[in-house]
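Asker: okay, predicted coordinates and the sequence, questions at the end:
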Amino acid sequence: MADIHRRATNAFRAHWRAHGAALPQKLVLTRAQADDLHLCRLYGCVPMDGAKPEQGKFNGSPIEVSDATAGVLVAHDGTEMPLADLDQLAPV
């Protein structure tokens, strides 16, 4: 479950490194990946009254659910970054 969170976070970090503050268009995940990401964020949050991660978004970008994906981040320019390639983030 934590794999999807690490990979999604690494994808956003790699995108921001390459494109400055540009926000990716979206994450495209399977239903299971989207559910795992939400649960990981939900249970990883510091408990505060009323504070919950927004379902359907990650770091301000929408999450699209598709059974025809292995999990990708769609960059601001439309290119796709497979999340499986981002298990570890390359050093700066």
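Answerer: Here it is on my side, so go on.
Asker: could I get the full set of helices for the protein?
Answerer: With DSSP state H, the ranges of helices along the chain come out as 2-19, 31-44.
Asker: give me the contacts around the shortest one.
Answerer: The one in question is helix 31-44. With C-beta atoms under 8 Å, 6 or more residues apart in numbering as the test, helix 31-44 has contacts from 1-2, 4-5, 8, 29, 52-53, 55, 58, 63, 65, 67, 71. The C-beta positions use only the backbone N, C-alpha and C, and glycine is treated the same way.
Asker: from the residues you listed, which land in strands?
Answerer: Residues of the contacts of helix 31-44 located in strands (DSSP state E): 29, 58, 63, 65.
Asker: who does the last one bridge with?
Answerer: Yep, that's residue 65 we're talking about. Using DSSP bridges, the bridge partners assigned to residue 65 are residue 29.
Asker: pLDDT wise, what is it at?
Answerer: pLDDT recorded at residue 65 is 97.
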